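K.L.:
The amino acid sequence is not available; the structure is as follows:
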C-alpha cells in the first residue's frame with residue numbers, strides 16, 4: 001500500500017526538554033493505524049508535531065509525498081489532515097450546526113464530500129441537537145461533534161487523540177461503530193486510545209510508544225502475540 005503519512009526519527013522538544021527521541025510510524029492510504037502507550041510516553045506530542053502545533057527539531061514528516069515537517073498548522077490542515085483533538089475543543093458558544101459549517105470545505109475536491117447531511121447520517125444525535133450550543137452537549141455528543149467537524153474539512157487522513165477517553169461504555173461503542181463505518185469508506189485513520197479490544201478489531205496496524213520512542217509496530221495478530229511482552233508499555 002502507498003504510504004500517505006510517514007513519520008521518521010521524529011525528535012520534539014518542550015523548551016530544552018526533549019520529549020520525542022526518534023518516533024517512527026506510517027499510515028497507508030485507506031489504513032487504520034493506532035498509536036499505543038501509557039500516559040506521558042509521547043503520543044499527543046507526536047500528534048502535535050504531525051499537525052505543526054509543536055514543531056519537530058529533528059526527523060521528517062511526509063504527507064502525501066510532501067515534506068510537512070516545518071509547515072504551520074493551517075497549511076497542514078489544508079493539505080488534508082483532519083484533527084480530533086484531545087478534550088474535543090468544540091466551539092462552546094456556537095451551535096452544533098455552526099460548529100460543523102465553520103470548518104466546511106472541500107479543497108481537495110473529493111468526489112463524495114462530507115456534508116451536513118452525511119455527518120448527521122453518521123451521528124443522528126447531532127441532528128437532534130443541531131440548535132444546541134457546544135457548551136451544552138454531553139461529553140459523548142461533543143466527541144461526535146469534534147469528529148463531524150473534522151470530517152467537514154474533507155480530510156485524506158483523520159487523526160483522533162484519545163478517541164473515547166472519559167466516555168460512557170454505550171457512547172464508546174457508538175464511536176467505535178462510527179469509526180468502523182469511516183474505515184469502510186476508505187478514509188485513512190490514525191487513532192490514539194487505550195481500549196485495546198475495539199482497536200484490535202478495527203486496526204490494520206499498531207505502533208507502541210515508550211519514553212518518546214517507537215518500541216514496537218505490527219499487525220493486530222502480531223500485537224495479540226506480543227501483548228504479554230508489551231503489557232507494561234501498553235499500560236494494561
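P.N.:
All right, it came through fine. Fair warning: this is a prediction, and the values are worked out from it, not measured in the lab. Numbering: from 1, shown residues only.

K.L.:
in the protein, which spans are strands?
P.N.:
Counting by DSSP state E, the chain has these strands, from start to end: 3-14, 17-28, 32-36, 58-63, 66-67, 81-84, 157-161, 188-192, 205-210, 213-219.

K.L.:
Mind listing residues that contact the fifth one?
P.N.:
Contacting residues not belonging to strand 66-67 are listed as 60, 61, 79 [C-beta atoms under 8 Å, 6 or more residues apart in numbering]. For the C-beta atoms, the positions are set from N, CA and C on the backbone; glycine is no exception.

K.L.:
How far away from the center of its chain is the lengthiest helix in the chain?
P.N.:
Determined from DSSP state H, the single longest helix within the chain is helix 169-184. With C-alpha atoms, centre = their mean, to the nearest Å as the basis, helix 169-184 stands 14 Å off its chain's centre.

K.L.:
how about it: buried residues?
P.N.:
Within helix 169-184, the residues that count as buried by 16 or more other C-beta atoms under 10 Å are 171, 172, 174, 175, 176, 178, 179, 182, 183.

K.L.:
what do you get for stretch 50-66?
P.N.:
For stretch 50-66, by 16+ other C-beta under 10 Å, it's 50, 51, 52, 54, 55, 56, 59, 61, 62, 63, 64.

K.L.:
Generate JSON lines for the strands of the chain, with distance to residue 43 and mean pLDDT as supplementary columns.
P.N.:
Formatted as JSON lines, the strands of the chain follow (distance: least, C-beta to C-beta, whole Å; pLDDT from 0 to 100):
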{"stretch": "strand 3-14", "distance to residue 43": "12", "mean pLDDT": "97"}
{"stretch": "strand 17-28", "distance to residue 43": "9", "mean pLDDT": "97"}
{"stretch": "strand 32-36", "distance to residue 43": "5", "mean pLDDT": "97"}
{"stretch": "strand 58-63", "distance to residue 43": "15", "mean pLDDT": "97"}
{"stretch": "strand 66-67", "distance to residue 43": "22", "mean pLDDT": "97"}
{"stretch": "strand 81-84", "distance to residue 43": "13", "mean pLDDT": "96"}
{"stretch": "strand 157-161", "distance to residue 43": "8", "mean pLDDT": "97"}
{"stretch": "strand 188-192", "distance to residue 43": "5", "mean pLDDT": "97"}
{"stretch": "strand 205-210", "distance to residue 43": "6", "mean pLDDT": "96"}
{"stretch": "strand 213-219", "distance to residue 43": "11", "mean pLDDT": "95"}
